[in-house]
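Asks: no sequence on this one, just coordinates:
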Ligand code: ADP
């Protein structure tokens, strides 16, 4: 929008500047012929009349003195030199713009040039020629006089027309200048408004950002404090329930089962509190991880037992990778196991009776497909946890990886909506990528990609193969 306004403003300014330049040029051009006409045409036309008069007088004097007067041809030449000035050049051009003057000038030039034989004969003493010349010059004098008057009149008319034209052009020029100044003012004003608005928007954005940061920090502080506060009594509850369990010989089976329930509920609560603490630490940039090469199968073997009892309860079969090849990837072992447990338990939780969960490892060579693989081909390991569960509706899939968003709609399935967000943050902190594919009613696949540190041929179970 602002760019469009700027372009429009610049276009208007350019257009106006061009119009002003054009008008100034037009003013200059139109005043030029007026000036020439005023200064030269009147005088030059009058000179023709004067020279015709002189020639006429000289011819008549020859008649009186009865002696040849040699200055006749001289005077005639002067007349021709005056008329020649109208044949070309600026005078010619100006006279062409005055219609009646132009016709009269042409006629006088023609008559003047046709007099040459008569002038020569009169000068040689031919009395008949002299008489004819006198009469011709008489006519010519009248015509020259009429020409002086016509030229004068036409020039006056022309001048007044030019004046009107000039006045109009000046008016247009003044209007254009006015519009130009107005546009510049409007332009500056809009610019000023834009700058003020932009500054205000920046200030508001800064304010909102600071407010959001403050809120976020307050929320993280609150979560962190409350989690710590919860953890202390919870540890006590779990400790005492453990004690009770150890001294449970005197208790009947129902009481023992109740104690076990306390322990399970405590474990669940503790893992939830830990997740919330982790999330708030990540949001504050306070979660530290240490990367080291670790065997992938060993981490899977550590994670799988965590979901076994849940899988048994839900009647879901969990299959470890069948491939014997193992890989080393650079991760924080504890955090990576936490991610795997989360993906595996989701695959079990959001499954169906008799459903399956499969874990796969896939070696991939990728070029420029993601941040993991640039221009050079990169060896990437994809760990996929695939299930034959309820899947996720297409329209809900964009809400995945958002904190506390639970999409299944089945409230009986335990969960808080933190696991995936936490996993995504952790994977990204370990320089990996997380992805998924899901079809409602068919099942889901969640995977994590990591650059391969080393490929191992034999299955290496349960060990942290740090370098
Ligand atoms: P939680 O499982 O505690 O609700 P998560 O962050 O792990 O939280 O998952 C968020 C939501 O994503 C879940 O509530 C569920 O709706 C959906 N989801 C996650 N994994 C799967 C899966 N394998 N199949 C179907 N839905 C899933």
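Replies: Done, it's in. Bear in mind the structure is a predicted one, so any value in this text is a computation, not a measurement.
Asks: what secondary structure does residue 86 sit in?
Replies: Classification of residue 86 by DSSP: H, G, I helix; E, B strand; the rest coil places it in coil.
Asks: same deal with residue 363?
Replies: Applying three-state DSSP: residue 363 is strand.
Asks: Not counting its neighbours along the chain, what's nearest it?
Replies: Distances taken as C-beta to C-beta, 6 or more residues apart in numbering place residue 381 nearest to residue 363, at 6.3 Å, with adjacent residues excluded. For glycine as for every other residue, the C-beta is placed from the backbone atoms N, C-alpha and C.
Asks: Next SSE downstream of whichever strand or helix holds that neighbour?
Replies: Following DSSP states H and E, one finds residue 381 within strand 378-387. Next helix or strand after strand 378-387 toward the C-terminus (DSSP H and E): helix 419-429.
Asks: If you count contacts, what does that next one end up packed against?
Replies: With contacts defined as 3 or more C-beta pairs under 8 Å, 6 or more residues apart in numbering; DSSP states H and E, helix 419-429 has these neighbours: helix 253-283, helix 333-349, strand 433-439.
Asks: Deepest-packed of the ones you listed, please.
Replies: helix 333-349 (a mean of 23; mean count of other C-beta atoms under 10 Å).
Asks: Give the partner strands of the helix or strand encompassing residue 448 in its sheet and their orientations.
Replies: Assigned by DSSP H and E, residue 448 belongs to strand 443-456. Applying DSSP bridges to the sheet, strand 443-456 is found paired with strand 326-331 (antiparallel), strand 378-387 (antiparallel), strand 433-439 (antiparallel).
Asks: what pLDDT, on average, does the longest helix along the chain get?
Replies: Taking DSSP state H as the criterion, the chain has its longest helix at helix 127-246. In this model, helix 127-246 carries a mean pLDDT of 88.
Asks: could you dump the strands paired with strand 443-456 to a markdown table with distance to the ligand and mean pLDDT?
Replies: Putting the strands paired with strand 443-456 into a markdown table (distance: least, C-beta to the nearest ligand atom, whole Å; pLDDT from 0 to 100) gives the following:
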| stretch | distance to the ligand | mean pLDDT |
| --- | --- | --- |
| strand 326-331 | 19 | 95 |
| strand 378-387 | 5 | 94 |
| strand 433-439 | 6 | 96 |
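Asks: could you dump these to a markdown table with distance to residue 319?
Replies: As requested, the strands paired with strand 443-456 are exported to a markdown table (distance: least, C-beta to C-beta, whole Å):
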| stretch | distance to residue 319 |
| --- | --- |
| strand 326-331 | 17 |
| strand 378-387 | 9 |
| strand 433-439 | 19 |
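Asks: in stretch 356-373, what counts as buried?
Replies: Within stretch 356-373, the residues scored as buried using 16 or more other C-beta atoms under 10 Å are 356-361, 366, 372-373.
Asks: Count the neighbours of residue 444 for me.
Replies: Residue 444 has 24 neighbours, counted by other C-beta atoms under 10 Å.
Asks: which non-adjacent residue is nearest it?
Replies: Excluding the flanking residues, the one nearest residue 444 by C-beta to C-beta, 6+ apart is residue 438, at 3.9 Å.
Asks: related to what we said a few turns ago, export the buried residues of stretch 356-373 to JSON lines and append columns for pLDDT, secondary structure and distance to the ligand.
Replies: JSON lines is the format used below for these (pLDDT from 0 to 100; DSSP: H, G, I helix; E, B strand; the rest coil; distance: C-beta to the nearest ligand atom, whole Å):
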{"residue": "356", "pLDDT": "97", "secondary structure": "strand", "distance to the ligand": "12"}
{"residue": "357", "pLDDT": "97", "secondary structure": "strand", "distance to the ligand": "9"}
{"residue": "358", "pLDDT": "97", "secondary structure": "strand", "distance to the ligand": "12"}
{"residue": "359", "pLDDT": "96", "secondary structure": "strand", "distance to the ligand": "13"}
{"residue": "360", "pLDDT": "94", "secondary structure": "strand", "distance to the ligand": "15"}
{"residue": "361", "pLDDT": "95", "secondary structure": "strand", "distance to the ligand": "18"}
{"residue": "366", "pLDDT": "78", "secondary structure": "strand", "distance to the ligand": "24"}
{"residue": "372", "pLDDT": "75", "secondary structure": "coil", "distance to the ligand": "23"}
{"residue": "373", "pLDDT": "68", "secondary structure": "coil", "distance to the ligand": "26"}
